[in-house]
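Here is the input, now give the coordinates:
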Amino acid sequence: MDEVDPPIDPAALAALRAAGLFDPDAPTADQRVELLAHLLERFEVDEIVAWAARSHVMGVAARSVDRPPPLISAVEAADRAGVPVATVVEMRQALGFPVVDPQVPSMPETVVEDLSTYLLGVELFGRDDTLSFVRVLGWSTARMMEAARAMFGSSSESGGQRRTELEWSQANETAIAAWVQVGSIVQHLLTEQALRDVGFVHSLMAGELRSAVAFVDLVGSTSWAEDVDASRHTAALRRFEMQAAAVAAEHGARLVKLIGDEAMVVGDDPGQLTEVALGICDLAERDLDLPSARGAVGFGVVTARDGDYFGPLVNTVARAGKLAVPGGVVVTAEVERTLDPASWEVEPLGLHDLSGVAEPVHLSRVVLRTPHVG
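A predicted model of the protein is given here:
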């Protein structure tokens, strides 16, 4: 192994070797020395050992950007917040963080502040509704982190084999620096969403939320998934989701979720949402890696809960989409009545019995006379 400049203090290197972080006989020993020299400029030996034990030695440098607060136990958090330990456990579990042993430090000190906010929510909205919202928060942030990790992983694939350990460490550090900035973006988005959703809040307060609901699914997606390369399949589904969200946003609608191969979109205007459904079908048709898509649109009373929508209408529209032809969209009678005849061609398809729907549903196939989104 070649000497490095600057050299590592022999005592520090011996301590890191004893901790299992350095093997002089390893093929990449020179890379590890280079990495450890970089880390020792920022951390003490015991810090490096502690952080490496929690993740990986190539992730230690990122802690210089984002140093987590000291960990406390559920018992200490409960004592500081003045609540039972069970309250700490239920909130953390709802967020997606299990508490294996309440006596063992496993959560940041910020949990004490989080508990105060949680208790305020319970006081204002009740325990069950607050816990449901906390679950949404946990799921949402976990999904953001998974997306960030996937993005980092995919960007590293091409050059990953050529990177030294120090270069991997520096890439991790840069990624964490970018991740820290995401918090401010989320705060901005939350503020803007609150300003945009005034009508939604008023509808909820009136006791009846009426919304247009669309489902668009990929035809023959099971066989398609079996026939296409896994990486192309993943990339195509990602494009489908991103482009569907963009089409929805252009018309003031929102992509609620992608359920495997099926997109659920909601909006205030049935006509606009029908354009969105057709636009999503068009984008699938133009993507050489995607199968054709088909969809359905309905309008009526829905139940909003945990960032999702439920009720008979949602069930009806999800089932109705299976009756559309590839590339086509069907609508319920309620939607048809809102469409401008000058802009839409409507072909009645009659009443249909749909699985799980009590009454027959009248459906029509629709075509936009003028070019639509996509």
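
For Thr28, which non-adjacent residue is closest in space?
Counting by C-beta to C-beta, 6 or more residues apart in numbering, the nearest residue to Thr28 once its immediate chain neighbours are dropped is Glu165, at 6.6 Å. Bear in mind the C-beta positions are built from the backbone N, C-alpha and C, glycine included.

Which helix or strand in the protein has the lowest average pLDDT?
Using mean pLDDT, DSSP states H and E, helix 198-206 stands out as the lowest-scoring helix or strand of the chain, at a mean of 52.

just checking, Val45 touches Leu16?
Yes. Proximity of Val45 to Leu16 meets the contact threshold set by C-beta atoms under 8 Å, at 6.3 Å.

Whichever strand or helix holds Thr303: what's the following helix or strand?
Per DSSP states H and E: Thr303 is located in strand 293-305. Downstream of strand 293-305, the first helix or strand assigned by DSSP H and E is strand 308-310.

hmm, who's touching the helix or strand just after that following strand?
Counting by DSSP H and E, the next helix or strand C-terminal to strand 308-310 is helix 312-320. Helix 312-320 has contacts (C-beta atoms under 8 Å, 6 or more residues apart in numbering) with 213-215, 262, 264, 296-302, 330, 332, 352, 354-358, 361, 363.

cutoff 10 Å now
Residues outside helix 312-320 that contact it (C-beta atoms under 10 Å, 6 or more residues apart in numbering) are 210-215, 217, 256, 259, 262, 264, 266, 277, 295-303, 308, 329-332, 334-335, 349, 352-359, 361, 363.

Run a quick neighbour tally on Ala14.
Ala14 has 13 neighbouring residues, counting by other C-beta atoms under 10 Å.

I figured it was touching Phe22, is that so?
Yes. Checked against C-beta atoms under 10 Å, the pair Ala14 and Phe22 is within contact range at 8.8 Å.

Where does the prediction get shaky in the chain?
1-6, 64-68, 149-161, 194-208, 370-374 (pLDDT under 70).

Look up how far Asp129 lies from Gly121.
8 Å (C-beta to C-beta, to the nearest Å).

Compare these two and say which is more crowded by neighbours.
Gly121 (17 against 14).

Strands along the stretch 201-350 of the chain, start to end?
209-218, 254-259, 262-267, 293-305, 308-310, 329-332, 344-352 (DSSP state E, counting those that start in this stretch).

which residues of this protein fall in helices?
Using DSSP state H, the helices of the chain run over 10-18, 29-40, 45-54, 74-81, 85-95, 111-125, 127-157, 165-196, 198-206, 221-227, 230-250, 270-286, 312-320, 333-336.

So which of these is nearest Asp101?
Nearest to Asp101 among the helices of the chain is helix 74-81 (8.3 Å), distances taken as C-beta to C-beta.

separation between Glu76 and Glu90?
17 Å.

Those two - which one has more neighbours?
Glu76 (19 against 16).

List the contacts of the more buried one.
Counted by C-beta under 10 Å, 6+ apart, Glu76 has contacts Val85, Val88, Pro102, Gln103, Pro105, Met107, Glu109, Val111, Val112.

Are any of the residues you listed buried, and if so which?
Among the contacts of Glu76, those buried by neighbour count (16 or more other C-beta atoms under 10 Å) are Val85, Val88, Pro102, Met107, Val111, Val112.

I'd like to know how far the fifth one sits from Val57.
Just to be clear, that refers to Val111. 28 Å.

circling back: so the residue nearest to Thr28 touches Leu35, yeah?
Yes. Contact criterion C-beta under 10 Å: Glu165 and Leu35 qualify, at 4.3 Å.

neighbour-wise, which of the two wins?
Applying other C-beta under 10 Å to Glu165 and Leu35 shows that Leu35 carries more neighbours, namely 25 against 18.

wait, that one sits on Arg42?
No. With contacts defined as C-beta under 10 Å, Leu35 does not count as touching Arg42, sitting 11.7 Å away.

Now for the two: what residues contact both?
The contact sets of Leu35 and Arg42 overlap at Ile48, Val60, Ala61 (C-beta under 10 Å, 6+ apart).

Take those residues and lay them out in a markdown table including neighbour count.
A markdown table is the format used below for those (neighbours: other C-beta atoms under 10 Å):
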| residue | neighbour count |
| --- | --- |
| Ile48 | 24 |
| Val60 | 26 |
| Ala61 | 25 |
